[in-house]
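Trainee: Return atomic coordinates for the entry below.
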Amino acid sequence: MDGFNIVMVIAIILFARLGVRLVTGYFKMKKEDEQSSKETE
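Mentor: Numbers count the residues shown, from 1 in each chain. I've put the predicted structure just below:
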């Protein structure tokens, strides 16, 4: 079960990082839209 646990830990870490990136990107987009809705990336 050690190999399975290692895979689970890696998957959880990757999923957490992806979630954090999505949340931070969403808030950044929301902030930019509020500050300057005319500007585009």
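Trainee: For the rest of this, base every contact and every neighbour count on C-alpha atoms.
Mentor: Noted.
Trainee: ranges for the helices of this protein?
Mentor: 2-35 (DSSP state H).
Trainee: Low-confidence ranges, it, go.
Mentor: Residue ranges of the chain with pLDDT under 70: 1, 36-41.
Trainee: how near is Pro16 to Asp33?
Mentor: In this structure residue 16 is Ala, not Pro. Ala16 sits at a distance of 26 Å from Asp33 (criterion: CA to CA, to the nearest Å).
Trainee: and if you look at Ala11?
Mentor: Counting by CA to CA - Ala11 and Asp33 are separated by 33 Å.
Trainee: same check, this time on Phe27
Mentor: In this structure, Phe27 and Asp33 are separated by 10 Å, where distance is defined by CA to CA.
Trainee: Tell me which residue is most central in the protein.
Mentor: Of all residues in the chain, the one closest to the mean position by CA atoms, centre = their mean is Arg21, 2.0 Å from it.
Trainee: Contacts only, for that one.
Mentor: In this structure, Arg21 makes contact with no residue, judged by CA atoms under 8 Å, 6 or more residues apart in numbering.
Trainee: Tell me how far it lies from Asn5.
Mentor: 24 Å.
Trainee: cool, and Ala11?
Mentor: For Ala11, the distance to Asn5 equals 10 Å [CA to CA].
Trainee: swap in Ile13?
Mentor: The gap separating Ile13 from Asn5 is 12 Å, by CA to CA.
Trainee: Ok, Val20 next?
Mentor: With CA to CA as the criterion, Val20 and Asn5 are 22 Å apart.
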